[in-house]
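Student: Whatever this is, show me its structure:
(chains A and B)
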Amino acid sequence: MKRISRRKWHKRVQLSRERKYAKRRRSYQRWRKQKNRLSQGTTAFGDRRADWLGRFARYAHVQAPNRLEIVESTEKVVHFINQIESNLASGTPVFVDLSGVKSIDYGAVIVLLSTMMEFKTRGIPFNGNFPKDTLACALLIYSGFFDSLERTFTKKEQYDIHSREPQGIFTHARMRVNSRLSADLIEAASITVWGEPRRCQGVQSAMLELMLNTNNHADLDSPGKKHWWVSVFHDTEKKVVRFAFVDLGVGVFKSLESKRMGIASRNLKDKWTGWLPKWVRLFGAEPDGNAQILEKMLTGELRKSVTGEDHRGRGLPGIAERAGRNQFSNLHIVTNNVRCSLEDNSFSTMKANFSGTLFVWELNKNNVSIQ
Amino acid sequence: MSVSNRTILSVASEFSVTPGPRFRTEGRFSGEEFREDFLVGKIQVATKKKDRLLVDLDGTAGYATSFLEEAFGGLVRKEGINSESLQKMLEFKSEEEPYLIDDIWTYIKDAGAFK
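Tutor: Model prediction:
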(Lines give C-alpha, C1' and ligand atoms only; values in the text may rest on other atoms or scores of the structure.)
Protein backbone atom coordinates (compact mmCIF):
# COMPACT_ATOMS: atom_id res chain seq x y z
CA MET A 1 0.00 0.00 0.00
CA LYS A 2 1.20 3.36 -0.93
CA ARG A 3 2.36 5.42 1.95
CA ILE A 4 0.69 8.78 2.12
CA SER A 5 2.87 11.45 3.43
CA ARG A 6 1.20 14.03 5.59
CA ARG A 7 4.08 16.37 5.50
CA LYS A 8 3.39 19.83 4.16
CA TRP A 9 6.26 20.01 1.72
CA HIS A 10 5.30 16.67 0.22
CA LYS A 11 1.70 17.78 -0.35
CA ARG A 12 2.98 20.88 -2.14
CA VAL A 13 5.18 18.82 -4.46
CA GLN A 14 2.37 16.45 -5.30
CA LEU A 15 -0.07 19.26 -6.05
CA SER A 16 2.39 20.99 -8.33
CA ARG A 17 3.11 17.77 -10.16
CA GLU A 18 -0.61 17.08 -10.58
CA ARG A 19 -1.16 20.56 -12.02
CA LYS A 20 1.64 20.00 -14.52
CA TYR A 21 0.20 16.64 -15.63
CA ALA A 22 -3.29 18.07 -15.91
CA LYS A 23 -2.00 20.88 -18.08
CA ARG A 24 -0.23 18.39 -20.35
CA ARG A 25 -3.36 16.24 -20.61
CA ARG A 26 -5.52 19.23 -21.56
CA SER A 27 -3.01 20.31 -24.17
CA TYR A 28 -2.88 16.80 -25.65
CA GLN A 29 -6.69 16.57 -25.70
CA ARG A 30 -6.94 19.87 -27.54
CA TRP A 31 -4.35 18.68 -30.14
CA ARG A 32 -6.08 15.30 -30.54
CA LYS A 33 -9.50 16.95 -30.97
CA GLN A 34 -8.11 19.26 -33.67
CA LYS A 35 -6.33 16.39 -35.48
CA ASN A 36 -9.46 14.23 -35.38
CA ARG A 37 -11.48 17.05 -36.86
CA LEU A 38 -8.94 17.57 -39.68
CA SER A 39 -8.65 13.92 -40.53
CA GLN A 40 -12.41 13.32 -40.71
CA GLY A 41 -13.16 11.77 -44.11
CA THR A 42 -9.47 11.23 -44.95
CA THR A 43 -7.53 7.97 -45.09
CA ALA A 44 -4.07 6.90 -44.00
CA PHE A 45 -3.04 7.06 -47.71
CA GLY A 46 -4.36 10.61 -47.86
CA ASP A 47 -2.28 11.51 -44.82
CA ARG A 48 0.87 10.07 -46.42
CA ARG A 49 0.08 11.91 -49.67
CA ALA A 50 -0.41 15.16 -47.74
CA ASP A 51 2.94 14.58 -46.04
CA TRP A 52 4.59 13.91 -49.45
CA LEU A 53 3.07 17.02 -50.96
CA GLY A 54 4.18 18.94 -47.92
CA ARG A 55 7.76 18.22 -48.98
CA PHE A 56 7.14 20.38 -52.04
CA ALA A 57 5.44 23.25 -50.25
CA ARG A 58 8.24 25.69 -51.12
CA TYR A 59 8.28 24.57 -54.79
CA ALA A 60 6.62 26.55 -57.58
CA HIS A 61 3.74 24.30 -58.68
CA VAL A 62 3.15 24.26 -62.43
CA GLN A 63 0.05 22.56 -63.77
CA ALA A 64 0.44 20.65 -67.04
CA PRO A 65 -2.30 20.95 -69.66
CA ASN A 66 -4.63 17.98 -70.19
CA ARG A 67 -3.30 17.52 -73.73
CA LEU A 68 0.45 17.55 -73.38
CA GLU A 69 0.88 17.25 -77.13
CA ILE A 70 3.26 19.73 -78.67
CA VAL A 71 2.24 18.95 -82.26
CA GLU A 72 -1.54 19.17 -81.73
CA SER A 73 -1.71 21.57 -78.82
CA THR A 74 1.49 23.54 -79.35
CA GLU A 75 0.47 26.81 -77.75
CA LYS A 76 -0.62 25.28 -74.42
CA VAL A 77 2.46 23.07 -74.15
CA VAL A 78 4.81 25.95 -74.96
CA HIS A 79 3.04 28.08 -72.32
CA PHE A 80 3.50 25.23 -69.81
CA ILE A 81 7.21 24.90 -70.62
CA ASN A 82 7.65 28.68 -70.37
CA GLN A 83 5.98 28.63 -66.94
CA ILE A 84 8.51 26.01 -65.81
CA GLU A 85 11.46 27.87 -67.30
CA SER A 86 10.45 31.18 -65.71
CA ASN A 87 11.71 29.68 -62.43
CA LEU A 88 15.10 28.77 -63.83
CA ALA A 89 16.71 32.20 -63.55
CA SER A 90 15.56 32.71 -59.97
CA GLY A 91 16.58 29.17 -58.99
CA THR A 92 13.10 28.39 -57.66
CA PRO A 93 12.43 24.65 -57.27
CA VAL A 94 9.63 23.41 -59.53
CA PHE A 95 6.97 20.76 -59.04
CA VAL A 96 5.16 19.79 -62.23
CA ASP A 97 1.64 18.58 -61.66
CA LEU A 98 1.07 16.02 -64.38
CA SER A 99 -1.89 14.33 -62.69
CA GLY A 100 -4.43 15.81 -65.11
CA VAL A 101 -2.52 14.84 -68.28
CA LYS A 102 -4.76 12.69 -70.49
CA SER A 103 -2.61 12.47 -73.61
CA ILE A 104 1.03 13.13 -74.32
CA ASP A 105 3.18 13.10 -77.46
CA TYR A 106 6.84 12.37 -78.10
CA GLY A 107 7.77 15.99 -78.74
CA ALA A 108 6.39 17.04 -75.37
CA VAL A 109 8.26 14.21 -73.62
CA ILE A 110 11.65 15.28 -74.95
CA VAL A 111 11.01 18.97 -74.28
CA LEU A 112 9.98 18.11 -70.71
CA LEU A 113 13.06 15.90 -70.27
CA SER A 114 15.47 18.53 -71.55
CA THR A 115 13.81 21.25 -69.47
CA MET A 116 14.07 19.05 -66.38
CA MET A 117 17.77 18.58 -67.08
CA GLU A 118 18.27 22.36 -67.22
CA PHE A 119 17.12 22.43 -63.59
CA LYS A 120 18.87 19.27 -62.46
CA THR A 121 22.27 20.22 -63.86
CA ARG A 122 22.09 23.57 -62.07
CA GLY A 123 21.22 21.84 -58.80
CA ILE A 124 17.70 23.33 -58.69
CA PRO A 125 15.21 20.81 -57.24
CA PHE A 126 12.67 19.55 -59.77
CA ASN A 127 9.91 17.05 -59.14
CA GLY A 128 6.50 15.99 -60.31
CA ASN A 129 3.70 13.48 -60.03
CA PHE A 130 2.32 10.72 -62.25
CA PRO A 131 -0.47 11.31 -64.76
CA LYS A 132 -3.64 9.45 -63.77
CA ASP A 133 -4.09 8.37 -67.39
CA THR A 134 -2.41 4.98 -67.85
CA LEU A 135 -1.06 5.51 -71.38
CA ALA A 136 0.31 8.97 -70.68
CA CYS A 137 1.87 7.67 -67.48
CA ALA A 138 3.45 4.69 -69.29
CA LEU A 139 5.06 6.91 -71.93
CA LEU A 140 6.59 9.13 -69.27
CA ILE A 141 7.81 6.12 -67.29
CA TYR A 142 9.38 4.54 -70.40
CA SER A 143 11.06 7.84 -71.28
CA GLY A 144 13.00 7.69 -68.03
CA PHE A 145 11.49 10.96 -66.79
CA PHE A 146 10.50 9.64 -63.37
CA ASP A 147 13.74 7.69 -62.90
CA SER A 148 15.67 10.87 -63.65
CA LEU A 149 13.65 12.85 -61.09
CA GLU A 150 15.30 10.84 -58.35
CA ARG A 151 18.82 11.24 -59.73
CA THR A 152 21.30 14.06 -59.49
CA PHE A 153 23.14 15.28 -62.57
CA THR A 154 26.22 17.39 -63.01
CA LYS A 155 26.92 19.55 -66.05
CA LYS A 156 28.44 17.28 -68.69
CA GLU A 157 28.95 17.27 -72.41
CA GLN A 158 26.71 14.28 -72.90
CA TYR A 159 23.76 12.55 -71.25
CA ASP A 160 22.02 9.28 -71.96
CA ILE A 161 18.66 8.90 -70.29
CA HIS A 162 16.48 5.84 -70.25
CA SER A 163 14.07 4.04 -68.00
CA ARG A 164 14.82 0.83 -66.12
CA GLU A 165 11.82 -0.73 -67.88
CA PRO A 166 12.64 -3.17 -70.71
CA GLN A 167 10.50 -1.13 -73.15
CA GLY A 168 12.47 1.98 -72.17
CA ILE A 169 12.94 4.84 -74.63
CA PHE A 170 16.47 6.14 -75.01
CA THR A 171 17.21 9.85 -75.08
CA HIS A 172 20.66 11.14 -75.91
CA ALA A 173 22.14 14.60 -75.52
CA ARG A 174 25.40 15.86 -76.95
CA MET A 175 27.02 19.20 -77.66
CA ARG A 176 29.06 18.20 -80.69
CA VAL A 177 27.96 16.54 -83.89
CA ASN A 178 27.95 12.76 -83.52
CA SER A 179 27.41 11.01 -86.84
CA ARG A 180 28.11 7.56 -85.36
CA LEU A 181 25.30 7.91 -82.81
CA SER A 182 22.73 9.03 -85.39
CA ALA A 183 23.74 6.20 -87.73
CA ASP A 184 23.27 3.67 -84.91
CA LEU A 185 19.86 5.12 -84.00
CA ILE A 186 18.77 4.91 -87.64
CA GLU A 187 19.98 1.34 -87.97
CA ALA A 188 17.98 0.33 -84.88
CA ALA A 189 14.96 2.20 -86.30
CA SER A 190 15.27 0.40 -89.64
CA ILE A 191 15.10 -2.97 -87.86
CA THR A 192 11.77 -1.94 -86.32
CA VAL A 193 10.43 -0.64 -89.65
CA TRP A 194 11.76 -3.19 -92.16
CA GLY A 195 12.90 -6.04 -89.95
CA GLU A 196 16.52 -5.68 -91.11
CA PRO A 197 19.27 -3.07 -90.82
CA ARG A 198 19.08 -0.46 -93.58
CA ARG A 199 20.59 2.94 -94.26
CA CYS A 200 18.30 5.97 -94.39
CA GLN A 201 20.58 8.67 -95.72
CA GLY A 202 17.91 11.36 -95.67
CA VAL A 203 17.33 10.90 -91.94
CA GLN A 204 21.07 10.81 -91.25
CA SER A 205 21.58 13.96 -93.26
CA ALA A 206 18.70 15.77 -91.51
CA MET A 207 20.02 14.77 -88.08
CA LEU A 208 23.50 16.00 -88.94
CA GLU A 209 22.08 19.35 -90.11
CA LEU A 210 20.11 19.69 -86.87
CA MET A 211 23.13 18.84 -84.70
CA LEU A 212 25.14 21.40 -86.63
CA ASN A 213 22.42 24.03 -86.25
CA THR A 214 22.46 23.53 -82.48
CA ASN A 215 26.25 23.56 -82.37
CA ASN A 216 26.55 26.73 -84.46
CA HIS A 217 23.45 28.80 -83.74
CA ALA A 218 21.71 27.76 -80.50
CA ASP A 219 23.89 30.05 -78.37
CA LEU A 220 24.43 33.57 -79.69
CA ASP A 221 27.64 34.23 -77.78
CA SER A 222 29.63 31.07 -78.29
CA PRO A 223 29.03 28.04 -80.48
CA GLY A 224 28.99 24.51 -79.09
CA LYS A 225 27.60 25.49 -75.69
CA LYS A 226 24.10 24.05 -75.97
CA HIS A 227 23.00 20.44 -75.98
CA TRP A 228 20.88 18.87 -78.64
CA TRP A 229 18.54 16.13 -77.49
CA VAL A 230 17.20 13.26 -79.51
CA SER A 231 14.65 10.61 -78.54
CA VAL A 232 13.61 7.72 -80.73
CA PHE A 233 10.24 6.03 -80.14
CA HIS A 234 9.75 2.59 -81.67
CA ASP A 235 6.18 1.56 -82.41
CA THR A 236 6.76 -2.13 -83.08
CA GLU A 237 3.07 -2.84 -83.78
CA LYS A 238 2.67 -0.21 -86.50
CA LYS A 239 6.29 -0.56 -87.61
CA VAL A 240 6.82 3.17 -87.33
CA VAL A 241 9.68 4.96 -85.58
CA ARG A 242 9.26 8.54 -84.42
CA PHE A 243 12.19 10.85 -83.91
CA ALA A 244 12.07 13.95 -81.72
CA PHE A 245 14.97 16.40 -81.80
CA VAL A 246 15.16 19.48 -79.63
CA ASP A 247 17.55 22.18 -78.51
CA LEU A 248 16.68 24.76 -75.90
CA GLY A 249 18.73 27.47 -77.57
CA VAL A 250 17.59 30.83 -78.85
CA GLY A 251 15.49 29.45 -81.71
CA VAL A 252 15.64 30.16 -85.43
CA PHE A 253 14.25 33.71 -85.41
CA LYS A 254 16.25 34.99 -82.44
CA SER A 255 19.34 33.73 -84.22
CA LEU A 256 18.24 35.38 -87.46
CA GLU A 257 17.42 38.61 -85.62
CA SER A 258 20.95 38.71 -84.18
CA LYS A 259 22.27 38.42 -87.72
CA ARG A 260 20.02 41.22 -88.93
CA MET A 261 21.48 43.43 -86.24
CA GLY A 262 24.97 41.95 -86.41
CA ILE A 263 24.77 41.65 -82.61
CA ALA A 264 27.07 38.75 -81.91
CA SER A 265 30.64 39.51 -82.83
CA ARG A 266 31.05 36.19 -84.62
CA ASN A 267 28.17 37.16 -86.87
CA LEU A 268 29.77 40.34 -88.16
CA LYS A 269 31.24 38.56 -91.13
CA ASP A 270 28.20 36.37 -91.58
CA LYS A 271 26.66 36.41 -95.04
CA TRP A 272 23.28 36.77 -93.34
CA THR A 273 24.11 40.02 -91.58
CA GLY A 274 21.68 42.68 -92.77
CA TRP A 275 19.35 40.18 -94.47
CA LEU A 276 16.22 42.31 -93.99
CA PRO A 277 16.90 44.98 -96.66
CA LYS A 278 17.65 42.19 -99.13
CA TRP A 279 14.30 40.58 -98.28
CA VAL A 280 12.53 43.91 -98.83
CA ARG A 281 14.30 44.36 -102.20
CA LEU A 282 13.25 40.88 -103.33
CA PHE A 283 9.71 40.61 -101.98
CA GLY A 284 8.77 44.32 -102.04
CA ALA A 285 7.80 44.52 -98.32
CA GLU A 286 8.97 43.49 -94.89
CA PRO A 287 8.12 39.87 -93.94
CA ASP A 288 4.57 39.29 -92.79
CA GLY A 289 5.65 37.63 -89.56
CA ASN A 290 7.93 34.75 -88.68
CA ALA A 291 5.65 32.12 -90.24
CA GLN A 292 6.32 33.63 -93.67
CA ILE A 293 10.07 33.81 -92.95
CA LEU A 294 10.16 30.11 -92.02
CA GLU A 295 8.28 29.23 -95.19
CA LYS A 296 10.81 31.13 -97.33
CA MET A 297 13.66 29.57 -95.35
CA LEU A 298 12.43 26.05 -96.00
CA THR A 299 11.94 26.65 -99.71
CA GLY A 300 15.44 28.12 -99.90
CA GLU A 301 14.21 31.45 -101.35
CA LEU A 302 15.51 33.37 -98.37
CA ARG A 303 19.01 31.92 -98.63
CA LYS A 304 19.13 32.57 -102.36
CA SER A 305 17.97 36.16 -101.94
CA VAL A 306 20.28 37.00 -99.04
CA THR A 307 23.51 35.16 -99.82
CA GLY A 308 23.12 34.84 -103.59
CA GLU A 309 24.04 31.15 -103.20
CA ASP A 310 21.99 28.27 -104.42
CA HIS A 311 20.00 26.84 -101.52
CA ARG A 312 20.38 23.30 -102.76
CA GLY A 313 20.57 20.80 -99.97
CA ARG A 314 21.73 23.26 -97.33
CA GLY A 315 20.54 23.55 -93.73
CA LEU A 316 16.81 23.96 -93.26
CA PRO A 317 16.00 23.84 -97.01
CA GLY A 318 18.00 20.63 -97.18
CA ILE A 319 15.85 19.06 -94.44
CA ALA A 320 12.67 20.11 -96.24
CA GLU A 321 14.05 18.72 -99.52
CA ARG A 322 14.70 15.36 -97.90
CA ALA A 323 11.17 15.26 -96.53
CA GLY A 324 9.97 16.09 -100.06
CA ARG A 325 12.01 13.17 -101.43
CA ASN A 326 10.09 10.86 -99.08
CA GLN A 327 13.19 10.08 -97.05
CA PHE A 328 11.05 10.58 -93.93
CA SER A 329 7.46 11.66 -93.18
CA ASN A 330 5.29 13.87 -90.97
CA LEU A 331 7.83 16.58 -90.25
CA HIS A 332 6.69 19.13 -87.67
CA ILE A 333 8.74 22.13 -86.58
CA VAL A 334 8.23 24.41 -83.58
CA THR A 335 10.60 27.32 -83.08
CA ASN A 336 10.08 30.63 -81.29
CA ASN A 337 6.52 31.74 -82.13
CA VAL A 338 6.05 29.58 -85.23
CA ARG A 339 4.79 26.06 -85.75
CA CYS A 340 4.84 24.30 -89.06
CA SER A 341 3.64 21.01 -90.46
CA LEU A 342 5.39 20.23 -93.71
CA GLU A 343 3.00 17.40 -94.52
CA ASP A 344 0.06 19.77 -95.06
CA ASN A 345 2.27 22.80 -95.75
CA SER A 346 0.79 24.77 -92.85
CA PHE A 347 2.70 27.57 -91.15
CA SER A 348 1.15 29.43 -88.23
CA THR A 349 2.20 32.03 -85.69
CA MET A 350 1.59 31.47 -81.97
CA LYS A 351 1.15 33.89 -79.08
CA ALA A 352 3.54 31.86 -76.94
CA ASN A 353 7.26 31.85 -77.65
CA PHE A 354 9.23 28.61 -77.49
CA SER A 355 12.85 29.31 -76.74
CA GLY A 356 14.45 26.63 -78.82
CA THR A 357 13.83 24.48 -81.84
CA LEU A 358 11.89 21.21 -82.00
CA PHE A 359 11.75 18.84 -84.96
CA VAL A 360 9.53 15.76 -84.93
CA TRP A 361 9.30 13.30 -87.82
CA GLU A 362 8.67 9.64 -88.48
CA LEU A 363 10.18 6.81 -90.45
CA ASN A 364 7.80 4.25 -91.94
CA LYS A 365 8.03 1.44 -94.46
CA ASN A 366 7.04 3.72 -97.36
CA ASN A 367 10.13 5.90 -96.88
CA VAL A 368 13.29 5.58 -98.96
CA SER A 369 15.99 3.31 -97.56
CA ILE A 370 19.02 1.38 -98.79
CA GLN A 371 19.67 -2.24 -97.85
CA MET B 1 44.18 2.25 -106.44
CA SER B 2 44.22 3.25 -110.09
CA VAL B 3 41.88 2.11 -112.83
CA SER B 4 43.08 3.14 -116.33
CA ASN B 5 43.43 6.93 -116.03
CA ARG B 6 41.42 7.30 -112.83
CA THR B 7 42.49 7.43 -109.22
CA ILE B 8 39.64 6.44 -106.91
CA LEU B 9 38.88 7.79 -103.45
CA SER B 10 36.06 6.02 -101.64
CA VAL B 11 34.68 8.00 -98.73
CA ALA B 12 33.15 4.94 -97.04
CA SER B 13 36.13 2.60 -97.24
CA GLU B 14 39.02 5.07 -96.97
CA PHE B 15 37.59 7.74 -94.65
CA SER B 16 34.43 6.86 -92.71
CA VAL B 17 31.00 5.31 -93.21
CA THR B 18 29.64 8.08 -91.01
CA PRO B 19 30.93 11.39 -92.36
CA GLY B 20 30.23 14.17 -89.87
CA PRO B 21 30.18 17.96 -89.62
CA ARG B 22 32.01 20.80 -91.38
CA PHE B 23 34.92 21.54 -89.02
CA ARG B 24 37.09 19.34 -86.82
CA THR B 25 35.96 21.37 -83.79
CA GLU B 26 32.34 20.38 -84.39
CA GLY B 27 32.82 16.62 -84.24
CA ARG B 28 34.60 13.58 -85.69
CA PHE B 29 34.95 12.77 -89.40
CA SER B 30 34.51 16.36 -90.54
CA GLY B 31 34.65 17.73 -94.06
CA GLU B 32 37.74 19.70 -93.06
CA GLU B 33 39.47 16.51 -91.93
CA PHE B 34 38.47 14.68 -95.11
CA ARG B 35 39.74 17.51 -97.33
CA GLU B 36 43.02 18.10 -95.51
CA ASP B 37 43.98 14.51 -94.70
CA PHE B 38 42.58 12.58 -97.69
CA LEU B 39 41.28 14.63 -100.60
CA VAL B 40 44.19 17.02 -101.13
CA GLY B 41 46.70 14.14 -100.98
CA LYS B 42 44.69 12.10 -103.51
CA ILE B 43 44.42 15.12 -105.81
CA GLN B 44 48.21 15.50 -105.71
CA VAL B 45 48.68 11.80 -106.49
CA ALA B 46 46.19 11.99 -109.36
CA THR B 47 47.80 15.16 -110.74
CA LYS B 48 51.25 13.54 -110.70
CA LYS B 49 49.87 10.53 -112.58
CA LYS B 50 47.89 12.85 -114.89
CA ASP B 51 44.78 10.92 -113.77
CA ARG B 52 41.29 12.16 -112.98
CA LEU B 53 40.19 11.64 -109.40
CA LEU B 54 36.94 9.70 -108.98
CA VAL B 55 35.37 10.34 -105.58
CA ASP B 56 33.01 7.51 -104.66
CA LEU B 57 30.30 8.83 -102.35
CA ASP B 58 28.34 5.57 -101.98
CA GLY B 59 28.27 3.27 -98.99
CA THR B 60 28.00 5.87 -96.23
CA ALA B 61 25.24 6.48 -93.69
CA GLY B 62 24.54 9.89 -95.27
CA TYR B 63 26.11 13.33 -95.63
CA ALA B 64 25.61 16.68 -94.00
CA THR B 65 25.65 19.36 -96.69
CA SER B 66 28.23 21.29 -94.68
CA PHE B 67 30.55 18.28 -94.87
CA LEU B 68 30.34 18.26 -98.67
CA GLU B 69 30.57 22.04 -98.90
CA GLU B 70 33.66 22.18 -96.68
CA ALA B 71 35.33 19.22 -98.38
CA PHE B 72 34.79 20.30 -101.99
CA GLY B 73 33.96 24.03 -101.78
CA GLY B 74 36.95 24.22 -99.41
CA LEU B 75 39.23 23.06 -102.23
CA VAL B 76 38.53 26.40 -103.93
CA ARG B 77 38.29 28.59 -100.83
CA LYS B 78 41.10 27.18 -98.72
CA GLU B 79 43.37 25.14 -100.98
CA GLY B 80 43.39 27.75 -103.74
CA ILE B 81 42.45 25.37 -106.55
CA ASN B 82 40.26 27.13 -109.07
CA SER B 83 36.86 25.71 -109.92
CA GLU B 84 37.64 25.30 -113.65
CA SER B 85 40.62 23.04 -113.02
CA LEU B 86 38.54 21.05 -110.50
CA GLN B 87 35.96 20.45 -113.20
CA LYS B 88 38.71 18.91 -115.34
CA MET B 89 40.23 16.99 -112.46
CA LEU B 90 37.27 15.60 -110.45
CA GLU B 91 34.56 13.05 -111.09
CA PHE B 92 31.94 11.79 -108.70
CA LYS B 93 30.09 8.53 -108.28
CA SER B 94 26.87 8.54 -106.27
CA GLU B 95 24.40 5.87 -107.30
CA GLU B 96 22.66 5.90 -103.94
CA GLU B 97 22.07 9.66 -103.84
CA PRO B 98 22.60 10.93 -107.41
CA TYR B 99 21.52 14.52 -106.54
CA LEU B 100 24.65 14.90 -104.40
CA ILE B 101 26.78 15.28 -107.53
CA ASP B 102 24.86 18.37 -108.69
CA ASP B 103 24.95 19.73 -105.14
CA ILE B 104 28.75 19.36 -104.97
CA TRP B 105 29.30 21.11 -108.30
CA THR B 106 27.08 23.93 -107.04
CA TYR B 107 29.21 24.24 -103.89
CA ILE B 108 32.38 24.37 -105.98
CA LYS B 109 30.88 26.98 -108.31
CA ASP B 110 29.58 29.09 -105.38
CA ALA B 111 32.95 28.87 -103.62
CA GLY B 112 34.60 30.20 -106.78
CA ALA B 113 32.08 33.02 -107.14
CA PHE B 114 32.29 34.15 -103.49
CA LYS B 115 36.00 33.63 -103.00
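
Student: neighbouring strands for the host helix or strand of residue A:353, and are they parallel or not?
Tutor: Using DSSP states H and E, residue A:353 maps to strand A:346-363. Each strand that pairs with strand A:346-363, with its direction, by DSSP bridges: strand A:240-247 (antiparallel), strand A:329-341 (antiparallel).

Student: Make CSV from these and add distance to residue A:256, mean neighbour count and mean pLDDT to it.
Tutor: All C-beta atoms are positioned from the backbone trio N, CA, C, and that covers glycine. Formatted as CSV, the strands paired with strand A:346-363 follow (distance: least, Cβ to Cβ, whole Å; neighbours: other Cβ atoms under 10 Å in any protein chain shown; pLDDT from 0 to 100):
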stretch, distance to residue A:256, mean neighbour count, mean pLDDT
strand A:240-247, 15, 24, 91
strand A:329-341, 9, 21, 92
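
Student: Rebuild those as JSON lines, extending it with distance to residue A:318.
Tutor: Shown next, in JSON lines, are the strands paired with strand A:346-363 (distance: least, Cβ to Cβ, whole Å):
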{"stretch": "strand A:240-247", "distance to residue A:318": "15"}
{"stretch": "strand A:329-341", "distance to residue A:318": "12"}
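
Student: before we move on, back to that, identify each buried residue in the strand holding residue A:353, please.
Tutor: A:347, A:350, A:352-363 (16 or more other Cβ atoms under 10 Å in any protein chain shown).

Student: Let me know the closest of those residues to residue A:121.
Tutor: Nearest to residue A:121 among those: residue A:356, at 15.9 Å, using Cβ to Cβ.

Student: which residues does the nearest residue to that closest one once chain neighbours are set aside contact?
Tutor: Distances taken as Cβ to Cβ, 6 or more residues apart in numbering or on different chains put residue A:248 closest to residue A:356, at 4.2 Å, once the chain neighbours are dropped. Each residue near residue A:248 by Cβ atoms under 8 Å, 6 or more residues apart in numbering or on different chains is listed here: A:114, A:115, A:118, A:218, A:226, A:227, A:355, A:356.

Student: helix/strand/coil for residue A:156?
Tutor: coil (DSSP: H, G, I helix; E, B strand; the rest coil).

Student: Could you check the pLDDT of it?
Tutor: Looking at residue A:156, its pLDDT reads 79.

Student: What about the spatially closest residue to it that is not a sequence neighbour, how many residues nearby?
Tutor: With Cβ to Cβ, 6+ apart as the criterion, residue A:156 has its nearest non-adjacent residue at 7.8 Å, and that residue is residue A:121. For residue A:121, the neighbour count with other Cβ atoms under 10 Å in any protein chain shown is 15.

Student: Residue A:342 contacts residue A:329, doesn't it?
Tutor: No - the pair residue A:342 / residue A:329 is not scored as a contact, 9.2 Å apart, by Cβ atoms under 8 Å.

Student: hey, what's in contact with both of these two?
Tutor: Common neighbours of residue A:342 and residue A:329 (Cβ under 8 Å, 6+ apart) are residue A:323.

Student: how far away is the residue nearest to residue A:356 from residue A:132?
Tutor: As judged by Cβ to Cβ, to the nearest Å, residue A:248 and residue A:132 stand 28 Å apart.

Student: try residue A:123
Tutor: 30 Å.

Student: Then residue A:361?
Tutor: To residue A:132, residue A:361 is 30 Å away according to Cβ to Cβ.

Student: Repeat that for residue A:222.
Tutor: The gap separating residue A:222 from residue A:132 is 43 Å, by Cβ to Cβ.

Student: between those two, which one's more packed in?
Tutor: residue A:132 (12 against 9).

Student: how about the more buried one, what does it touch?
Tutor: Neighbouring residues of residue A:132 by Cβ under 8 Å, 6+ apart: A:99, A:100, A:101.

Student: Surely the last one touches residue A:64?
Tutor: Meaning residue A:101. Yes - counting by Cβ under 8 Å, residue A:101 does reach residue A:64; the two are 5.2 Å apart.

Student: Just give the number of residues close to the residue of the stretch 51-200 of chain A found nearest chain B.
Tutor: When scored by Cβ to the nearest Cβ, the stretch 51-200 of chain A has residue A:177 as its residue closest to chain B, at 3.3 Å. Residue A:177 is flanked by 32 other residues according to other Cβ under 10 Å.

Student: got it, and residue B:37?
Tutor: 11.

Student: which residues of the stretch 101-250 of chain A score low on pLDDT?
Tutor: Scanning the stretch 101-250 of chain A for pLDDT under 70 picks out A:165-168, A:220-221.
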